[in-house]
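# Next comes the sequence, and after it the predicted model I'd like to discuss.
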There are 4 protein chains.
Amino acid sequence: MAHSVDDTRTGHRGNRHGRSEQARQSVLHAADGLLVERGFAQLTIEGIAARAGVAKQTIYRWWSSKTDVLMDAFVEDAAEDLQPPDTGDLDQDLRVHLRRLAGFLTGSDAGAVFRALAGQAQHDADLARRLRAEHLSHQRARDRLPLRRALERGELPGDFDIDLAVDQLVGPIYYRVLVTGQPVPASFTDALVDAVLAPLAPSH
Amino acid sequence: MAHSVDDTRTGHRGNRHGRSEQARQSVLHAADGLLVERGFAQLTIEGIAARAGVAKQTIYRWWSSKTDVLMDAFVEDAAEDLQPPDTGDLDQDLRVHLRRLAGFLTGSDAGAVFRALAGQAQHDADLARRLRAEHLSHQRARDRLPLRRALERGELPGDFDIDLAVDQLVGPIYYRVLVTGQPVPASFTDALVDAVLAPLAPSH
Amino acid sequence: MAHSVDDTRTGHRGNRHGRSEQARQSVLHAADGLLVERGFAQLTIEGIAARAGVAKQTIYRWWSSKTDVLMDAFVEDAAEDLQPPDTGDLDQDLRVHLRRLAGFLTGSDAGAVFRALAGQAQHDADLARRLRAEHLSHQRARDRLPLRRALERGELPGDFDIDLAVDQLVGPIYYRVLVTGQPVPASFTDALVDAVLAPLAPSH
Amino acid sequence: MAHSVDDTRTGHRGNRHGRSEQARQSVLHAADGLLVERGFAQLTIEGIAARAGVAKQTIYRWWSSKTDVLMDAFVEDAAEDLQPPDTGDLDQDLRVHLRRLAGFLTGSDAGAVFRALAGQAQHDADLARRLRAEHLSHQRARDRLPLRRALERGELPGDFDIDLAVDQLVGPIYYRVLVTGQPVPASFTDALVDAVLAPLAPSH
DNA sequence: TTTTAAACGAGACGGTACGTCCTGTCTTGCT
DNA sequence: AGCAAGACAGGACGTACCGTCTCGTTTAAAA
């Protein structure tokens, strides 16, 4: 499904020179730009092709839909900068990570693309699958990381339910972003961390 | 904007001076049915008109888009059955309410309409506004109700942050429904209640 | 078909006040005006009703189509002023009459209505019938009049073919107006008279 | 404006780079057929597209209106078979030519198309222009031909007014066809020839 | 160096749905 | 009863994109 990077690396199977990397980049940039400038509803294959200076057929050759293009654009240029810090201080690492997550979701172009994809995934099971396989599963792993490290350091009870904790930490953030549209300030993410870690404190 | 309930008062035979209640009902039912049967992407104004036995112009006369129709259909026949119980037992009331909420979001036709609308709201600020004004705000009030009653009964600390607690309770549910696609079993919603109420218990 | 003049004259047969003469006039004037100002293609029942300040139903009650309205407007205010003169001088009478006919067809509002009706009659056999029955037959009689009088005065041979002569006199005028679009100056109509009357002159 | 004949050179299989000759032919035939079978009022772009097995957009890409299609259909398959004979006998040539013209106007499919176009041209100045430029001017040249040849042969006075004579010959025919709807028998066209040529006879 | 086959820009094609306009019918409540 | 008002089912309009299909042109590896 994802015809993203290096389908052709060492092109030598009949095709003399393989896929045009320049066309690929033009398409992804055009899609990105059009989404941010005009919104998902105004985003069309024809529009992407025109802005990218590319033939429609070139898009259809390598992507199956406009959301497929958008997924590539999203995975490519935006996904990997949400690595949580690793200072050895669980509380601090979580605070920083959640603030970054909130900032990504509410304040970045990539976040806008994510929101569009997440919205479209409600009508498109294939896109939902791809979004989970290529972004959310990795993001989830990053979200778990501080807790996993703390667990390995022995700072958390052996039966600590990391998955539940992650749902409690990031669930309210996504809820505000995707459902209520409320802002997600640091005070909010900090309060989430407090609530999850409070029961673990020595006294109360 | 919302031409929802009773624009017309006594109307019920087809065409009198003013809006036809019969046409209105046909359109809402057709939209509902088509969404559930064929999905949001396959839902078209022409399709609704054809199934409802109504002229396209009649739809355009009263609604501005297919999501406007869907909002009316949703508000009309689905919204108000998520009233939380009031047994006097906060813990129990919350458990029951969250289970119902999860059931609504994941297992009902109305929930499917909600997911479609929430998805589309990511691309459509007007729809987002309407969804919040006509459904989410009321739903939020219902979600707060058990906590508000408990607070009034003196079962919660005077400085208890109800809004934060609601975000912690329902956020993870919407997150699973809209983002990860995981199921939302009673064990999950119960665990959310436990986590929110635990710090309030005298000892543990 | 033609609900034209005086369907109701002394309204008193169950109807409290009969047909509204004011509505009828408004409709005819509106149709006339719209045709001249915006052309036949832009002329619609809705447009006539709006400009006349009349309900569509009122038009449909009394007329069967926009051409029916136009026929009434045409018959009413334009048809009867093409009476040929009767000076006793055939040559002069014909010259004057043809000049007036050309002026009517090319230079008057009523002529514009006639051209529109004649055009539409090419696609509408009913209209063609009505146009012939209510205008062309009378017009033809007027066109024949000078020749008929001359025949009665003994100025023409007893076997003179009046119908052929009329076709020769007015045919080229209609041809220029409806087909070639050329102007129809007095020199042209005079030449037609000359050609028809020349063979009758004693010598040449 | 007129995308008539051979915009494309070698095309004949459906879709090559450039216009599809097959689609063009299908559209013209469909328009022709529908006009003759159902009349001008029932002729729609959608109907033409459906019968031609062509997308509406393909029609709009190459033609500006249904009359534009009809003009192409008319110019293509109907215009050039009204060449007057050239026997050296003016009287005979004119008789034959006028009979053919009458037959064309009253009795052929192409004549039906012409009448529809001439009617529509009363409401549409662009169409009128095109009809004159692409058909009537050539037809007029053909109508003049017998007289021009006779003039060159010295059979007519040097000051003979050919244009007036043509108007006198064909005007009454078009008048009957477009205005009165009377038939145009050979006796009528012969009488027209007689009337125009009579003054030239050596005696009377 | 020449051949050669995939990828490319271009854009016409058959379609579907859009949102608008007008048709002719209807019902209402006023005059 | 006729009327102004206007909602209704229907159907065509002209437009925008869809996804498919040639065209003729690069272009870089293979011959």
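Received, thanks. Quick caveat, the model's predicted, so the values are computed rather than measured. Numbers count the residues shown, from 1 in each chain, chains lettered A, B, ... in the order given.
# Up against chain B, what does chain A have?
A:39-41, A:115-116, A:118-124, A:128, A:132, A:136, A:140, A:161, A:164, A:167-168, A:170-176, A:178-181, A:188, A:191-192, A:195-196, A:198-199, A:204 (Cβ under 8 Å from any Cβ of the partner chain). No exception for glycine: its C-beta is placed from N, CA and C like everyone else's.
# Can you flag the buried ones in these?
Buried subset of the residues of chain A next to chain B (neighbour count, 16 or more other Cβ atoms under 10 Å in any protein chain shown): A:40, A:115-116, A:118-124, A:128, A:132, A:136, A:140, A:164, A:167-168, A:170-176, A:178-180, A:188, A:191-192, A:195-196.
# how about stretch A:52-66, does it reach DNA strand E?
Yes. Using Cβ under 7 Å from any atom of the strand, stretch A:52-66 comes into contact with DNA strand E via A:G53, A:V54, A:A55, A:K56, A:Q57, A:T58, A:R61, A:W62.
# Out of the residues of chain A next to chain B, list just those in helices.
Cross-referencing the residues of chain A next to chain B against helices under DSSP state H gives A:115-116, A:118-121, A:128, A:140, A:164, A:167-168, A:170-175, A:188, A:191-192, A:195-196.
# If you rank every helix and strand of chain A by mean pLDDT, what lands last?
Here the helix or strand of chain A ranked lowest by mean pLDDT, DSSP states H and E is helix A:66-78, holding a mean of 90.
# From A:R148, how far off is A:V96?
As defined by Cβ to Cβ, to the nearest Å, A:V96 lies at a distance of 16 Å from A:R148.
# neighbour-wise, which of these two wins?
Between A:V96 and A:R148, counting by other Cβ atoms under 10 Å in any protein chain shown, A:V96 is the more crowded of the two (18 against 15).
# need the contact list for the closest residue to chain D within chain A.
Per Cβ to the nearest Cβ, A:A55 is where chain A lies closest to chain D, at 12.7 Å. Going by Cβ atoms under 8 Å, 6 or more residues apart in numbering or on different chains, A:A55 touches A:A49.
# in chain A, which ranges drop under the pLDDT threshold?
Chain A contains residues with pLDDT under 70 at A:1-17, A:78-80, A:202-204.
# one step back: and chain C, which of the residues of chain A next to chain B reach it?
Within those, nothing lies near chain C by Cβ under 8 Å from any Cβ.
# now the angle between helix A:66-78 and the helix or strand just after the least confident helix or strand of chain A, please.
Using DSSP states H and E, the next helix or strand after helix A:66-78 towards the C-terminus is helix A:90-107. Helix A:90-107 runs at 130 degrees relative to helix A:66-78, counting by axes from the mean of the first three to the mean of the last three Cα atoms, to 10 degrees.
# which strands and helices sit next to helix A:90-107?
On a contact count with 3 or more Cβ pairs under 8 Å, 6 or more residues apart in numbering or on different chains; DSSP states H and E, helix A:90-107 meets helix A:109-121, helix A:137-152, helix A:162-175, helix A:186-197.
# now the angle between helix A:66-78 and the second one, please.
Using the same axes, to 10 degrees, the interaxial angle of helix A:137-152 with respect to helix A:66-78 works out to 40 degrees.
# can you list contacts of helix A:137-152?
Under the criterion Cβ under 8 Å, 6+ apart, residues A:79, A:82-86, A:90, A:93-94, A:97, A:101, A:156, A:158, A:160, A:162-163, A:165-166, A:169-170, B:180 lie in contact with helix A:137-152.
# cool, and stretch A:183-198?
By Cβ under 8 Å, 6+ apart, the residues outside stretch A:183-198 that reach it are A:90-91, A:94-95, A:98-99, A:101-102, A:105-106, A:165, A:168-169, A:172-173, A:176-177, A:204, B:161, B:164, B:167-168, B:195-196, B:199.
# Now do that stretch: distance to the chain's middle.
Stretch A:183-198 sits 21 Å away from the centroid of its parent chain (Cα atoms, centre = their mean, to the nearest Å).
# And for stretch A:163-171?
17 Å.
# same thing with stretch A:130-139?
Distance of stretch A:130-139 from the chain centroid (Cα atoms, centre = their mean) equals 7 Å.
# Can you point out the buried residues in it?
Judged by neighbour count using 16+ other Cβ under 10 Å, the buried positions of stretch A:130-139 are A:R130, A:L131, A:R132, A:E134, A:H135, A:L136, A:Q139.
# what do you get for stretch A:48-57?
Going by neighbour count (16+ other Cβ under 10 Å), the buried part of stretch A:48-57 is A:I48, A:A49, A:R51, A:A52, A:V54.
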